[in-house]
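> Got a predicted structure here, sequence first:
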Amino acid sequence: MSLIQLAQIKADSKTSASQSELRFGHLRIPLPNRFPISPERNALKPAGVKEPLPGEVAVLARLAPPDTLTRILTQEDALKSTARFLSKETSAGAIRLLYLSFRGGASISQTKDLKTLLDLQYLAGLDIITVQHTVGVSPEDFDANLKFAEKWMEERGVEKPLMPVVQASDNKELASRLIQIVEKHSSSLLGFDLRGGFYYHALREIEDFKKRKPEVWVHALQVPPKVRFGRGLMACSEGMILPMFGIDSFSRWIVPPPPTPLTKEVINVFDRKGWGSLKKKDFESLRGNTANCDCAVCQGKDLEPFYDGKVLDVLARAKVHDHLAQREELTKARESIKKGEYLNLLNSKEYPKEFLKQIPREEKE
């Protein structure tokens, strides 16, 4: 059986962050880390980058509005064509898993629908089988879904890791109950769906879980560029502070096309100096129109070429830059955690430092 496990775990002295190594077959993957989703891989060509997007784990991310989900669940041709497409999306060298972003009330509430999605992942030959908790599904029903998936794997002879994916919730009791269910199933990996937000109480539940189960790999999905905390939106990069809550890795959010025309001026771009997510005018006023970045998109130049061309090309550059730049910055995070100095690193960065001022005192001690 192909097992996933964490090894060489080193805990930070002042936060719940840990530096470790994710092992799967011959792969040895350093954590914390960031892994790409489908829209980021699709952005390479319009961003003018020829090299493949680095990422040992490939999140095959799909928007799933009701009509798309219905076709997959009810039409055999749609199921098979989707499986074929998923199987060819990335190279065989990456660990592949499926994530569906349910939209417009779409959800999985019937056993036969769950079985179809499990069959889809099996037909596509994915390396990890995911079972997603969706809106309106009770903790008890999610527990039943995990039991069904375990039985399905046994009957099919599927010897692959099973990843429960729980949705972040504002309700502390619900978040706790979902984590307890995952813990009961003794899974070695957990997906945590942040749904494009920052759910403080749910993250605290993950933090407590990780203290009990440091060997479980926790991957956050649907991570937005900024932190919405309290009543305001902070510039702080959400992904870069997630390790302090016990998150081992993350991938960016998937969003549908904006309801209003997208312009270059409103596109958020990761700022390596301050670990924030800034717009064009911010880089002009705060950074002298430079990203201080030598990634394949920026190449150490100022940001004038970055914002040239069509708005969708600029968006593609932002996606690729964010991934490459944050992957590089996460090497610093791993080094600091290993030395027990991750909190010092966060305080040395302008925007995480502002975030730390907003959270309760016990988080900073």
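Nice, thanks for sending it over.

> Can you give me the end-to-end span of stretch 56-75?
32 Å (CA to CA, to the nearest Å).

> Tell me who's in contact with A291.
By CB atoms under 8 Å, 6 or more residues apart in numbering, the contact set of A291 is 269, 271-272, 283, 298, 303, 306, 321, 325. Every C-beta, even on glycine, is put in place using the N, C-alpha and C of the backbone.

> Export those to CSV and append columns for neighbour count, secondary structure and distance to K160.
What follows is these, written out as CSV (neighbours: other CB atoms under 10 Å; DSSP: H, G, I helix; E, B strand; the rest coil; distance: CB to CB, whole Å):
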residue, neighbour count, secondary structure, distance to K160
V269, 27, strand, 37
D271, 23, strand, 38
R272, 21, coil, 36
F283, 20, helix, 43
C298, 22, coil, 38
L303, 19, coil, 43
F306, 26, coil, 40
H321, 23, helix, 33
A325, 24, helix, 32
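
> any idea which of those is least confident?
Minimum pLDDT across these is recorded for L303, with 90.

> so that residue makes contact with K280?
Yes - at 7.4 Å, L303 counts as touching K280 under the criterion of CB atoms under 8 Å.

> end-to-end on stretch 186-200?
24 Å.

> which parts of it are buried?
187, 189-200 (16 or more other CB atoms under 10 Å).

> so of those residues, which ones are in strands?
189-193 (DSSP state E).

> Adding pLDDT, write the residues you listed out as TSV.
Below are those laid out as TSV (pLDDT from 0 to 100):
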residue	pLDDT
L189	96
L190	98
G191	98
F192	98
D193	97
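
> Would you format these as JSON lines with distance to G288 included?
Putting those into JSON lines (distance: CB to CB, whole Å) gives the following:
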{"residue": "L189", "distance to G288": "43"}
{"residue": "L190", "distance to G288": "42"}
{"residue": "G191", "distance to G288": "40"}
{"residue": "F192", "distance to G288": "37"}
{"residue": "D193", "distance to G288": "38"}
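
> Give the phi and psi angles for F85, as a check.
Note on F85: backbone dihedrals following degrees, to the nearest 10 are phi -60, psi -40.

> ignore the last one, V166
According to degrees, to the nearest 10, V166 has phi -100, psi 150.

> OK, contacts around D294?
For D294, counting by CB under 8 Å, 6+ apart, the contacting residues are G300.

> for it, phi and psi?
Backbone torsions for D294, taken as degrees, to the nearest 10, come to phi -110, psi 20.

> pLDDT score for it?
95.

> now swap in S336 and tell me
pLDDT, read off for S336, is 97.

> show me the contacts for it.
S336 neighbours (CB under 8 Å, 6+ apart): 12, 342, 344-345.

> Grab the most central residue of this protein for me.
When CA atoms, centre = their mean is applied to the chain, the residue found nearest the centroid is S251 (2.4 Å).

> looking at it, that one is touching S38, isn't it?
No - between S251 and S38 there is no contact under CB under 8 Å: 9.9 Å.

> what touches both of those two?
With CB under 8 Å, 6+ apart as the test, S251 and S38 both reach 59, 61.

> K88 - how many residues pack around it?
For K88, the neighbour count with other CB atoms under 10 Å is 9.

> that's a strand at A316, yeah?
No - A316 is assigned helix when assessed by DSSP: H, G, I helix; E, B strand; the rest coil, not a strand.

> ok, now which ones touch it?
Per CB under 8 Å, 6+ apart, neighbours of A316: 43-47.

> cutoff 6 Å now
43, 46-47 (CB atoms under 6 Å, 6 or more residues apart in numbering).

> Which one of these is nearest to D170?
For the contacts of A316, the closest approach to D170 (CB to CB) belongs to A43, at 31.5 Å.

> Now the closest one, what are its backbone angles?
Backbone torsions for A43, taken as degrees, to the nearest 10, come to phi -80, psi -10.

> how much space is there between it and L194?
From A43 over to L194 the distance is 21 Å, taken as CB to CB, to the nearest Å.

> what's the answer for A11, then?
On the measure of CB to CB, A11 and L194 end up 23 Å apart.

> Next one, pLDDT for the closest residue to L162 other than its chain neighbours please.
Leaving aside its chain neighbours, L162 sits nearest to I129 (5.2 Å; criterion: CB to CB, 6 or more residues apart in numbering). Listed pLDDT for I129 reads 97.
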